[in-house]
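Just the structure for this:
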Amino acid sequence: MQNPIILQMKGIDMQFPGVHALKEVDFTLRAGEVHTIMGENGAGKSTLIKCLTGVYQKGKGTILLDGKEINPKSTLDAQSLGISTVYQEVNLCPNLTVAENCFIGRQPKKAGFIDWKTMNKRTKELLKRFDIDIDVTKPLSTYTVAIQQMVAIARAIDIQCKVLILDEPTSSLDANEVKQLFKAMRSLKEEGMAIIFISHFLDQVFEISDRFTVLRNGELIGEYLVDEVTQYELVSKMVGHEIDDLSTLKRVQHTEAEMKEFLKAKQIGVAGSVQDIDLTLRKGEIVGFAGLLGSGRTETANMLFGVDPITKGSISINGKKVNLRKPSNAIKHNIAYCPEDRKRDGIIGDLSIRENIILAIQARQGIFKKISKKKAEELAQKYIKTLQIATPDADKKIGELSGGNQQKVILARWLATDPDLLILDEPTRGIDVGAKTEIQKLVLKLCEEGMSIVFISSEIEEVVRCSNRIVVMRDRKKVAELKGDDLEHDTILKTIAGGAKTNE
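This next block holds a predicted model:
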């Protein structure tokens with residue numbers, strides 16, 4: 001016997017200027033299940049969720065919660081109805097305490113004043129449900145992203161939600177933190193909670209989900225129980241055709257004698273951050289970086305691009321010492337950088353796709369050598385076509401694009417500079433399988449054409465697939481450099497854990 005239906009969305013239709021985002025989509029959610037919405041970036045997942053949570057007012061269709069029609073006018077309205085959302089970027093106040101975040105806007109009071117003792121006690125009890133025992137009087141910012149997400153979920157549960165939406169909750173978590181989250185999700189499911197899960201990690205969705213709904217180009221493709229489809233079949237339904245098997249992608253093989261040295265870093269470091277990093281980057285080679293979150297991968301990338309000027313050691317480019325004090329210095333030396341957090345450090349949301357693409361070229365030329373509108377349009381159209389950026393035109397604001405298409409625009413920005421070194425920090429995080437395949441194929445092609453590439457990813461399989469050498473980071477230090485037969489998943493894991501020796 002199936003669990004009772006909690007939520008039904010019938011014939012949901014949504015249009016924006018030039019885009020038919022949802023075309024009469026149906027969605028059904030039952031109590032005590034994890035139901036994952038799958039689809040490529042731009043398929044309509046986010047739009048469907050925003051219609052449910054009151055961010056958008058749907059054009060047509062009906063939403064039923066416990067059999068009663070609802071029309072959420074805002075996220076607060078949706079929350080009052082019992083629909084809570086935990087987003088990829090934790091939407092809490094890092095400067096406030098854990099307890100304050102759990103009860104913000106609904107603090108328990110005594111004699112007209114906040115009852116801190118009761119609030120702290122109730123917060124500790126909430127978090128104990130997830131086996132989390134922390135000091136709830138400390139600022140939220142003192143804890144990991146994983147803990148912050150658990151706090152966001154605990155807050156959602158305490159608001160007595162009927163539907164919990166988890167939007168890419170694992171994108172910034174390591175393997176152990178994902179296990180902790182999944183344990184909490186299973187516990188909530190057993191209590192009858194209805195959970196909508198959105199993720200691009202296929203292994204994870206098959207591990208935690210009971211049911212899938214697949215969207216493509218704003219249309220409902222189908223609803224499937226987890227046992228009814230394989231990963232390959234699911235992805236094929238998402239993209240509308242059979243996909244390239246990522247496992248068949250082959251890294252470019254050059255001998256070291258064939259590859260000219262581009263950059264050499266000797267014992268570089270930043271006070272209070274990463275220390276004593278030795279690194280050689282050659283043309284036509286992909287050097288991967290592996291390690292847990294906080295291991296020093298991004299900090300090393302920031303040094304190479306001048307975001308964090310080195311306070312120790314030296315960097316040479318083409319045999320000559322250089323001083324990369326700021327990103328503009330790195331750009332002039334033909335270094336490009338796609339940052340980890342595209343929303344914070346990459347895109348300028350209110351500018352158009354065209355304006356975002358030409359930013360780096362304009363920065364290199366200077367403000368007195370303005371790129372003509374004709375040239376800007378040519379560059380925009382070239383990369384919209386090359387990277388298959390889904391947009392009606394180059395005038396569309398980048399902030400209105402899906403995450404995967406935003407990532408492609410940032411990549412286009414740097415490819416337009418024709419760099420010698422391209423640093424990619426988590427280039428496939430939060431994007432769909434089809435876009436992920438295209439980006440990895442492009443990286444291998446650029447390498448084949450002679451570009452030097454630094455490839456940073458939390459997905460070890462991805463790093464292994466693409467890299468000629470892999471630098472392993474731990475505790476903000478380089479602990480190993482692997483190549484040849486050591487480019488293997490288990491070897492990297494053992495090295496990260498401290499069980500393998502440096503191979504240089």
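
Measure how buried residue 230 is and give me the count.
Residues within reach of residue 230, counting by other Cβ atoms under 10 Å, total 10. Yep, even glycine has a C-beta here, placed from its N, CA and C like the rest.

Do you know the pLDDT at it?
Residue 230 is assigned a predicted lDDT (pLDDT) of 86.

Please tell me how far it sits from residue 212.
12 Å (Cβ to Cβ, to the nearest Å).

now residue 290
Distance of residue 290 to residue 212, given as Cβ to Cβ: 30 Å.

out of those two, which sits in the more crowded spot?
Each of residue 290 and residue 212 had its neighbours counted (other Cβ under 10 Å), and the higher figure belongs to residue 290 (28 against 24).

show me what contacts the more buried one?
Residue 290 makes contacts with 297, 457, 460, 463, 470-473, 492, 495-496, as judged by Cβ atoms under 8 Å, 6 or more residues apart in numbering.

what about the helices in the stretch 351-500 of the chain?
For the stretch 351-500 of the chain, the helices defined by DSSP state H, counting those that start in this stretch occupy 353-357, 359-365, 373-386, 403-415, 433-448, 460-466, 489-497.

can you put the ones you listed in CSV and add distance to residue 321 and mean neighbour count?
Formatted as CSV, the helices of the stretch 351-500 of the chain follow (distance: least, Cβ to Cβ, whole Å; neighbours: other Cβ atoms under 10 Å):
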stretch, distance to residue 321, mean neighbour count
helix 353-357, 32, 24
helix 359-365, 21, 16
helix 373-386, 33, 15
helix 403-415, 24, 24
helix 433-448, 26, 19
helix 460-466, 30, 21
helix 489-497, 31, 17
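
Residue 188: which of these is closest?
Between residue 188 and the helices of the stretch 351-500 of the chain, the tightest spacing by Cβ to Cβ is seen for helix 403-415, at 25.8 Å.

for the closest one, packing partners?
When contacts are defined as 3 or more Cβ pairs under 8 Å, 6 or more residues apart in numbering; DSSP states H and E, helix 403-415 packs onto strand 335-338, helix 353-357, helix 359-365, helix 373-386, helix 433-448.

tell me the domain ranges of the protein?
Domains of the chain are assigned by automatic domain parsing as 5-242, 244-334+420-504.

Check residue 250 and give its pLDDT.
We have a pLDDT of 63 for residue 250.

now the residue of the chain most remote from its centre: how far from residue 232?
Centroid-distance maximum for the chain: residue 111 at 45.0 Å, with Cα atoms, centre = their mean. Noted for residue 111: a distance of 63 Å to residue 232, by Cβ to Cβ.

same check, this time on residue 477
Per Cβ to Cβ, residue 477 is found 39 Å from residue 232.

Likewise for residue 139?
45 Å.

any weak-confidence spans in the stretch 101-250 of the chain?
Across the stretch 101-250 of the chain, the ranges flagged by pLDDT under 70 are 172, 241-250.

ok, now with 80
Within the stretch 101-250 of the chain, the ranges that satisfy pLDDT under 80 run 105, 129-131, 144-146, 156-160, 170-177, 200-202, 232, 235-236, 239-250.

Can you list the residue ranges for strands in it?
For the stretch 101-250 of the chain, applying DSSP state E, counting those that start in this stretch gives strands covering 109-110, 113-114, 163-167, 194-198, 211-216, 219-225.

Kindly reformat these as TSV and extend each row with distance to residue 423.
Compiled in TSV, these are given as follows (distance: least, Cβ to Cβ, whole Å):
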stretch	distance to residue 423
strand 109-110	51
strand 113-114	47
strand 163-167	27
strand 194-198	28
strand 211-216	33
strand 219-225	36
